[in-house]
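Undergrad: Got a predicted structure plus its sequence, pasted below:
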Amino acid sequence: MYKAIGVIELKCIPKGVEAADAALKSAGIEMVSAHPSCPGKYEIILTGSISDVSVAIQHVCKRFDGYVVDSAVMGKIEEQVIKALFGTQVGERKGSLGLIETFSASSAIKAADIAVKTARVEIYDLRVSRGMGGKGVVMLTGDVGDVTAAVEAGASYAKEQATLSSYTVIASPHSELWNQM
């Protein structure tokens, strides 16, 4: 099943809370998250049909124009990306581990979507903004060849957007590393 994702980052927390309320009232969307993010910004992630998400993002961007840092609408997002954002994706500790770190939430989400569409991998974890200085990170598992292809594809996208921080593939993570993640 495919859904759309909308991401809006605002310069300040009070206007961010107000913008989240405006987004929810503007269209039939579902809130994935709305919270302060580092450094003193407010991040809103929405999901729903592409038309509803687009309407909500456009409404917020128009109404809060002077406060919007960045926004994006992404259509046809793979279901496991949505589950990872909601925290309901159960990642398995198997095979290789690949990581892509980006400088924004929207680029991490898009890199994750590209990665899972590129090769047979599973999202182990997807974290955006909180406690990471506004960065995002996606962790992928699977066979080393698939993980490598997926990480390269997601990292390539982030690099093209000038949002790539770092990436790596660990062919066979130590069991203690898995236990700490």
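TA: Sure thing, it's come through.

Undergrad: which residues of the chain fall in helices?
TA: 13-26, 50-63, 79-86, 105-118, 144-160, 175-180 (DSSP state H).

Undergrad: by how many degrees do the third one and helix 105-118 diverge?
TA: Which is helix 79-86. 150 degrees (axes from the mean of the first three to the mean of the last three Cα atoms, to 10 degrees).

Undergrad: mind saving the C-alpha coords of the strand of greatest length in the chain as CSV?
TA: Longest strand in the chain, counting residues (DSSP state E): strand 68-77. Below are the C-alpha coordinates for strand 68-77, written out as CSV (Å, rounded to 0.1, in the frame of the first residue of the first chain):
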residue,chain,number,x,y,z
VAL,A,68,8.9,27.8,7.0
VAL,A,69,12.5,26.5,6.7
ASP,A,70,11.8,23.6,4.4
SER,A,71,8.9,21.5,3.2
ALA,A,72,8.4,18.4,0.9
VAL,A,73,5.6,16.2,-0.4
MET,A,74,6.6,12.7,-1.3
GLY,A,75,4.1,10.4,-3.1
LYS,A,76,3.9,6.6,-3.3
ILE,A,77,6.0,6.0,-0.2
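
Undergrad: okay, now residue 17: neighbour count?
TA: Other residues near residue 17 come to 16 when the count uses other Cβ atoms under 10 Å. For the C-beta atoms, the positions are set from N, CA and C on the backbone; glycine is no exception.

Undergrad: Without its sequence neighbours, what residue ends up closest to it?
TA: residue 42 (6.8 Å; Cβ to Cβ, 6 or more residues apart in numbering).

Undergrad: quick one, domains of this structure?
TA: 3-77, 79-180 (automatic domain parsing).

Undergrad: and the gap between the residue nearest the centre of the chain and residue 126?
TA: The residue lying closest to the centre of the chain (Cα atoms, centre = their mean) is residue 109, at 2.6 Å. Distance, residue 109 to residue 126, by Cβ to Cβ, to the nearest Å: 7 Å.

Undergrad: Spell out which residues are contacts of both of these two.
TA: Common contacts of residue 109 and residue 126, defined by Cβ atoms under 8 Å, 6 or more residues apart in numbering, comprise 81, 85, 136.

Undergrad: The first one: what's it in contact with?
TA: The contact partners of residue 81, taken as Cβ under 8 Å, 6+ apart, are 5, 109, 112, 113, 116, 123, 126.
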